[in-house]
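1. A structural model of the following input is requested.
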Amino acid sequence: MTYEVPKFTLERIGEIFKKYYGLTGEFTSLVSFEDQNVMIKSNRGKFVLKIANKAWAKNFIEMQTDVLIHLKKRAPHLILPSVVQSLNGDNMIEVDGFTMRLLSFLEGEVLAKSTRT
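-> Residues are numbered from 1 along each chain as shown. Down below sits the predicted model:
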């Protein structure tokens, strides 16, 4: 696979969010080195759209998604993001060759902004 960091504009992400999830919102880029992550504030809550680098195999991203779903079912006491399905009921979507998934947003401090000791 080709190493390609996604660089979608916030406007394009808004179009994707509306088309695949039927929602609109406010978009804020989050720190990411090899992927693209965007926080979305909508009338249905806060979410993170995770756009994977093309270098990551789709089945690797699918496995990460499946683990989140499995843990939500088997260990509901754990505080984990939830996978949000698209309007078609898909856990992941593909746009322009990039695999994307929408997760619920967990409040807290972003690691990139944390003081390191």
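2. any regions of this structure where pLDDT drops low?
-> Scanning the chain with the threshold set as pLDDT under 70 gives 1.
3. helices along that one, start to end?
-> Shown for the chain, the helices assigned by DSSP state H span residues 10-21, 58-74.
4. which of the ones you listed sits most buried?
-> Using mean count of other CB atoms under 10 Å, the stretch among those with the largest mean neighbour count is helix 10-21, at a mean of 16. Every C-beta, even on glycine, is put in place using the N, C-alpha and C of the backbone.
5. Val110 contacts Val31, doesn't it?
-> Yes: using CB atoms under 8 Å, Val110 is in contact with Val31, at 6.6 Å.
6. residues shared between the contacts of the two?
-> Common contact partners of Val110 and Val31 (CB atoms under 8 Å, 6 or more residues apart in numbering): none.
7. does Lys58 touch Thr99 like I think?
-> Yes: between Lys58 and Thr99 there is a contact at 5.4 Å, judged by CB under 8 Å.
8. if I look at Pro76, how far off is Ile69?
-> The spacing between Pro76 and Ile69, counted by CB to CB, to the nearest Å, is 12 Å.
9. ok so, going back, of the helices of the chain, which is nearest Asn88?
-> Across these, Asn88 has its closest neighbour in helix 10-21 (7.8 Å, CB to CB).
10. touching the closest one from outside, list them.
-> 8, 23-25, 27, 29, 38, 40, 42, 49, 84, 86-88, 93, 95, 100, 102.
11. the chain: strands as residue ranges?
-> Taking DSSP state E to define them, one finds strands in the chain at 25-30, 36-42, 45-51, 83-84, 93-95, 98-104.
12. hmm, who's touching the second one?
-> With CB under 8 Å, 6+ apart as the test, strand 36-42 has contacts from 5-8, 10, 13, 17, 23-31, 46-51, 105.
13. among these, which ones are buried?
-> Among the contacts of strand 36-42, those classed as buried by 16 or more other CB atoms under 10 Å are 6, 8, 13, 17, 23, 25, 27, 47-51, 105.
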